[in-house]
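A.B. asks: my questions are about this predicted structure, shown below with the sequence.
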Amino acid sequence: MSENSGRSEHSEHDVQREVSELESKSTTASRLFDLRLIIGGLFVVYGVIVTIAGISPSQATLDKAEGVNINLWTGIAMLLLGIFFLGWLKLRPVPPVEVTTEEEEGA
């Protein structure tokens, strides 16, 4: 009988270890695929590209926009928006996922 109780304790330990591994993987996946990270990252990348294009505009580009350096202003706005999303992610991270086990539900 002590042999069975040893096996059940061992299996409970394995189950708890697997649950903690799944919790950490779930939390990592939810942080990795957080939309704020994706949107903020894309806005920063595109903002850098558009800002670089707006630093030295051609006269034809300025004539099309009636003298306004639209690439520069749009690039700066995109950079600020991207930084906002990334800051929001840093200040308010995704809370860890709480997984309830069958033992806790029965208690």
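C.D. replies: Cool, got the structure.
A.B. asks: and the contacts of stretch 38-46?
C.D. replies: Outside stretch 38-46, the residues within contact range by CB atoms under 8 Å, 6 or more residues apart in numbering are 78-79, 81-86, 88-89. The way it works is simple: take the backbone N, C-alpha and C, and place the C-beta from them, glycine included.
A.B. asks: of these, which one scores lowest on pLDDT?
C.D. replies: Within the contacts of stretch 38-46, residue 89 has the lowest pLDDT, namely 90.
A.B. asks: you'd agree that one is up against residue 37?
C.D. replies: Yes: with contact defined as CB atoms under 8 Å, residue 89 counts as touching residue 37 (5.6 Å).
A.B. asks: which SS class is residue 67?
C.D. replies: In three-state terms, and counting by DSSP: H, G, I helix; E, B strand; the rest coil, residue 67 is coil.
A.B. asks: helix, strand, or coil at residue 77?
C.D. replies: The assignment at residue 77 comes out as helix when based on three-state DSSP.
A.B. asks: next, count neighbours for it.
C.D. replies: Counted with other CB atoms under 10 Å, residues neighbouring residue 77 total 14.
A.B. asks: what does residue 80 give?
C.D. replies: A count of nearby residues for residue 80, using other CB under 10 Å, gives 12.
A.B. asks: kindly report the same for residue 85.
C.D. replies: The tally of other residues near residue 85 (other CB under 10 Å) stands at 20.
A.B. asks: nearest residue to it other than its sequence neighbours?
C.D. replies: residue 40 (3.0 Å; CB to CB, 6 or more residues apart in numbering).
A.B. asks: tell me which helix or strand the one you found sits in.
C.D. replies: Assignment of secondary structure by DSSP states H and E places residue 40 within helix 35-55.
A.B. asks: need the CA coordinates for that helix. PDB is fine.
C.D. replies: Output of helix 35-55 as PDB, limited to C-alpha atoms (Å, rounded to 0.1, in the frame of the first residue of the first chain):
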ATOM      1  CA  LEU A  35      -1.200  43.300 -29.800                       C
ATOM      2  CA  ARG A  36       0.400  46.400 -28.200                       C
ATOM      3  CA  LEU A  37       3.900  44.900 -28.900                       C
ATOM      4  CA  ILE A  38       3.000  44.100 -32.500                       C
ATOM      5  CA  ILE A  39       1.300  47.500 -33.200                       C
ATOM      6  CA  GLY A  40       3.900  49.500 -31.300                       C
ATOM      7  CA  GLY A  41       6.800  47.700 -33.100                       C
ATOM      8  CA  LEU A  42       5.300  48.200 -36.500                       C
ATOM      9  CA  PHE A  43       4.600  51.900 -35.900                       C
ATOM     10  CA  VAL A  44       8.100  52.500 -34.700                       C
ATOM     11  CA  VAL A  45       9.700  50.700 -37.700                       C
ATOM     12  CA  TYR A  46       7.500  52.400 -40.300                       C
ATOM     13  CA  GLY A  47       7.900  55.700 -38.400                       C
ATOM     14  CA  VAL A  48      11.600  55.500 -38.700                       C
ATOM     15  CA  ILE A  49      11.400  54.700 -42.500                       C
ATOM     16  CA  VAL A  50       9.000  57.600 -43.200                       C
ATOM     17  CA  THR A  51      10.900  60.000 -41.000                       C
ATOM     18  CA  ILE A  52      14.100  59.200 -42.900                       C
ATOM     19  CA  ALA A  53      12.300  59.800 -46.100                       C
ATOM     20  CA  GLY A  54      11.100  63.100 -44.800                       C
ATOM     21  CA  ILE A  55      14.500  64.400 -43.600                       C
END
